[in-house]
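1. no sequence on this one, just coordinates:
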């Protein structure tokens, strides 16, 4: 059996598409490496795969390294998880997060399961230019920080006297008995 995956992206070149053929026994790490190679990205980000439902809602995560997860599904690791462990039917959707800071990703799906054998994962079709891996924008851009005002904006400072916000004004509050509210 050979899995045939197609990945695309909603940003950048509308012609962007990568098609991969994979041995079902290949790992998600092998698919990750093939994706990076096909788009020319360095392997220096904490990327993840997510299996998705029909509405592209994230379900099972497969991470590059083992991490604690608050997600309702167990965390799985790319180098330990075979494609066939989680993907069994044509049409299965998944996303590949290539820019974790801004949660940018490629949309993928298992387009075909065809007869045959192969080893590993191979990019068999490459169209269009991939978007830049990382946005150059600073996620904290536009936020002024001054240690004297603890990031309070001017509107807040104009409305309240900062002298009223000292520790003395909060002495009568006690959180020990659980009766805060």
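-> Happy to help now that I have it. In this text the structure is predicted, and so the values were computed from the model without any measurement. Numbering: from 1, shown residues only.

2. And the top strand by length along the chain, what does it pack against?
-> What stands out as the longest strand in the chain, according to DSSP state E, is strand 104-114. If you count contacts as 3 or more CB pairs under 8 Å, 6 or more residues apart in numbering; DSSP states H and E, strand 104-114 packs onto strand 2-8, strand 93-99. In short, each C-beta sits where N, CA and C put it, glycine included.

3. Closest to the centroid, which residue in this protein?
-> residue 97 (3.7 Å; CA atoms, centre = their mean).

4. For it, list each beta-bridge partner.
-> When assigned by DSSP bridges, residue 97 has beta-bridge partners residue 48, residue 105.

5. now the angle from the longest helix belonging to the chain to strand 2-8?
-> Ranked by residue count, the top helix of the chain under DSSP state H comes out as helix 28-39. Per axes from the mean of the first three to the mean of the last three CA atoms, to 10 degrees, the angle that helix 28-39 makes with strand 2-8 is 50 degrees.

6. What are the contacting residues of helix 28-39?
-> 5, 7, 18, 20, 22, 41-43, 47, 49, 62, 64, 76, 78-79, 81-83, 96, 98, 106, 120-123, 126, 130, 133 (CB atoms under 8 Å, 6 or more residues apart in numbering).

7. can you tell me which of those residues are in helices?
-> Assigned to helices by DSSP H, the following of the contacts of helix 28-39 qualify: residue 83.

8. gap between the closest residue to residue 76 other than its chain neighbours and residue 47?
-> Using CB to CB, 6 or more residues apart in numbering and skipping the chain neighbours, the partner closest in space to residue 76 is residue 62 (4.7 Å). Residue 62 is 10 Å from residue 47, where distance means CB to CB, to the nearest Å.

9. more neighbours, these two?
-> residue 62 (27 against 21; other CB atoms under 10 Å).

10. contacting residues around the spatially closest residue to residue 100 that is not a sequence neighbour?
-> Excluding the flanking residues, the one nearest residue 100 by CB to CB, 6+ apart is residue 46, at 5.1 Å. Residue 46 is in contact with 63-65, 100, counting by CB under 8 Å, 6+ apart.

11. got it, and residue 56?
-> Residue 56 touches 93, 95, 107, counting by CB under 8 Å, 6+ apart.

12. Among those, the buried ones, what's the ChimeraX command?
-> To isolate the buried members of those in ChimeraX, using 16 or more other CB atoms under 10 Å:
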select :93,95
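
13. thinking again about what came up before, mind putting the helices and strands packed on strand 104-114 in JSON lines, mean pLDDT and distance to residue 58 included?
-> Converted to JSON lines, the helices and strands packed on strand 104-114 look like this (pLDDT from 0 to 100; distance: least, CB to CB, whole Å):
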{"stretch": "strand 2-8", "mean pLDDT": "97", "distance to residue 58": "16"}
{"stretch": "strand 93-99", "mean pLDDT": "95", "distance to residue 58": "7"}
